[in-house]
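Novice: take a look and give me a structure for this.
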Amino acid sequence: MKIRKAVVTAAGWGTRFLPATKAQPKEMLPLVDKPMIQYVIEEAVASGIKHIIIVTAIGKRAIEDHFDRSFELEHIVEKKGDGELLRKLQNISELADICYIRQKEQLGLGHAILVTKELIGDEPFAVFLPDDIIQARVPAMKQMIEVYNRYQNSVIAVEPVAKKDTKAYGIIKPKQVEDRVYQVMSLVEKPEPKDAPSNLAIVGRYLLTPEIFGMLEKTAPGKGGEIQLTDGLRLLLEKQPIYAYQFEGIRYDTGMPLGFLKASVEFALNRPDIGAKFRDYLRQLKLND
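Specialist: As a prediction, the model looks like this:
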């Protein structure tokens, strides 16, 4: 079955970026001149997905406004004669068919996905976490869809991490079935390095079969009353195979200030309009040290 729908989770408080996120969604923080959430929406569209459900919460209205038309702003830009900027603004609202649903309480990633059950229906779907921005020649989700088409089961994105960092991720026990593709034998949430079954960490891209909803409904809340997606995947694994794909590309963890800064610098350096001047500026800073 074709992957037609995607869930983008955007209901978190963004506490790591306070006070910047006190009055604006973390997902709207810009990497150069484009908000983080727009990068993942563009990845979804480039992967052939046009129906997108964004899970939001109180204080996230700016996300809806960003992907809507702004006729007054467009009129001002048009009067200035900036046709290129006008097209950029109009294209944002035409990227995809987007609907919004609120997660009224922040009860974990599994719960955020569960609230989309009626909108997804009985079909496989993609999940994007905007904290993970992935630069890739072929969009990471498009790579994963190709794996899904071969195996017709859930696919989760993984990447190798340093052994000392396993305690920050869900970690899989893998059985390799082809290059970059693994059958998931088990999953462990944030294991200590000595207990980790591998160094393959689950990151913010998933392709899930609709059976995940039933598993999440059976998942008991854990710490803080949260329903964890990893626990739901563990239950799903008892019913059907799950595969992991080590995507080709560079992931930036923009949910952390350091990762956000790294992404901002590298994205700026890759911009044809400002990259060269910014590189000269960074070189000058180094010379002044």
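Novice: where does the stretch 101-250 of the chain dip in pLDDT?
Specialist: By pLDDT under 70, the stretch 101-250 of the chain has no low-scoring segment.
Novice: spell out the residue ranges of the strands in it.
Specialist: Assigned by DSSP state E, counting those that start in this stretch, the strands in the stretch 101-250 of the chain fall at 125-128, 132-135, 154-160, 170-178, 181-189, 200-208, 242-246, 250-253.
Novice: what's the burial count for the closest residue to Thr21 other than its chain neighbours?
Specialist: Leaving aside its sequence neighbours, Thr21 sits nearest to Gly14 (C-beta to C-beta, 6 or more residues apart in numbering; 3.6 Å). In this view, the C-beta of every residue, glycine as well, is placed from N, C-alpha and C. Using other C-beta atoms under 10 Å, Gly14 has 20 other residues around it.
Novice: and what of Ile101?
Specialist: The burial count for Ile101: 16, using other C-beta under 10 Å.
Novice: repeat for the one 4 residues further on
Specialist: Applying other C-beta under 10 Å, we find 12 residues neighbouring Glu105.
Novice: ok, the nearest residue to it once chain neighbours are set aside - contacts?
Specialist: Leaving aside its chain neighbours, Glu105 sits nearest to His111 (7.8 Å; criterion: C-beta to C-beta, 6+ apart). Residues near His111 by C-beta atoms under 8 Å, 6 or more residues apart in numbering: Gln103, Glu105, Leu216, Glu226, Ile227.
Novice: distance of His111 from Pro174?
Specialist: 27 Å (C-beta to C-beta, to the nearest Å).
Novice: check the gap between the residue nearest to Glu105 and Leu235 for me.
Specialist: 15 Å.
Novice: any idea how far the residue nearest the centre of the chain lies from Leu109?
Specialist: Central residue of the chain (C-alpha atoms, centre = their mean): Leu129, 2.4 Å from the mean position. To Leu109, Leu129 is 8 Å away according to C-beta to C-beta.
Novice: just Pro30 next, same as before
Specialist: On the measure of C-beta to C-beta, Pro30 and Leu109 end up 24 Å apart.
Novice: neighbour count winner among those two?
Specialist: A direct count of neighbours by other C-beta under 10 Å for Pro30 and Leu109 places Leu109 higher, at 24 against 11.
Novice: who are the contact partners of that one?
Specialist: Contact analysis of Leu109 by C-beta under 8 Å, 6+ apart lists Thr9, Leu129, Glu226, Ile227, Gln228, Leu229.
Novice: OK, contacts around the spatially closest residue to the fourth one that is not a sequence neighbour?
Specialist: Excluding its sequence neighbours, the residue lying closest to Ile227 (C-beta to C-beta, 6+ apart) is Gly110, at 3.7 Å. Counting by C-beta under 8 Å, 6+ apart, Gly110 touches Leu216, Thr219, Glu226, Ile227, Gln228, Leu229, Thr230, Asp231, Gly232.
Novice: can you map out the helices along the chain?
Specialist: Remark: helices assigned in the chain by DSSP state H are 36-46, 61-66, 71-79, 83-93, 109-114, 117-120, 140-151, 211-218, 229-237, 257-269, 275-288.
Novice: from the rest of the structure, what touches the third one?
Specialist: Spelled out, that is helix 71-79. Helix 71-79 is contacted from outside by Leu85, Leu86, Leu89, Gln90, using C-beta under 8 Å, 6+ apart.
Novice: buried stuff in it?
Specialist: Across helix 71-79, burial judged by 16 or more other C-beta atoms under 10 Å covers Val77.
Novice: just want the angle from it to helix 83-93.
Specialist: If you take axes from the mean of the first three to the mean of the last three C-alpha atoms, to 10 degrees, helix 71-79 sits at 160 degrees to helix 83-93.
Novice: got the CA positions of helix 71-79 in CSV?
Specialist: Output of helix 71-79 as CSV, limited to C-alpha atoms (Å, rounded to 0.1, in the frame of the first residue of the first chain):
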residue,chain,number,x,y,z
PHE,A,71,-2.6,37.9,2.0
GLU,A,72,-1.5,41.1,3.6
LEU,A,73,2.1,40.2,3.7
GLU,A,74,2.0,38.9,0.2
HIS,A,75,0.4,42.1,-1.0
ILE,A,76,3.2,44.1,0.7
VAL,A,77,5.9,42.0,-0.9
GLU,A,78,4.2,42.2,-4.3
LYS,A,79,4.0,46.0,-4.1
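Novice: Met193: neighbour count?
Specialist: You called it Met, but residue 193 is Pro. For Pro193, using other C-beta under 10 Å, the count is 13.
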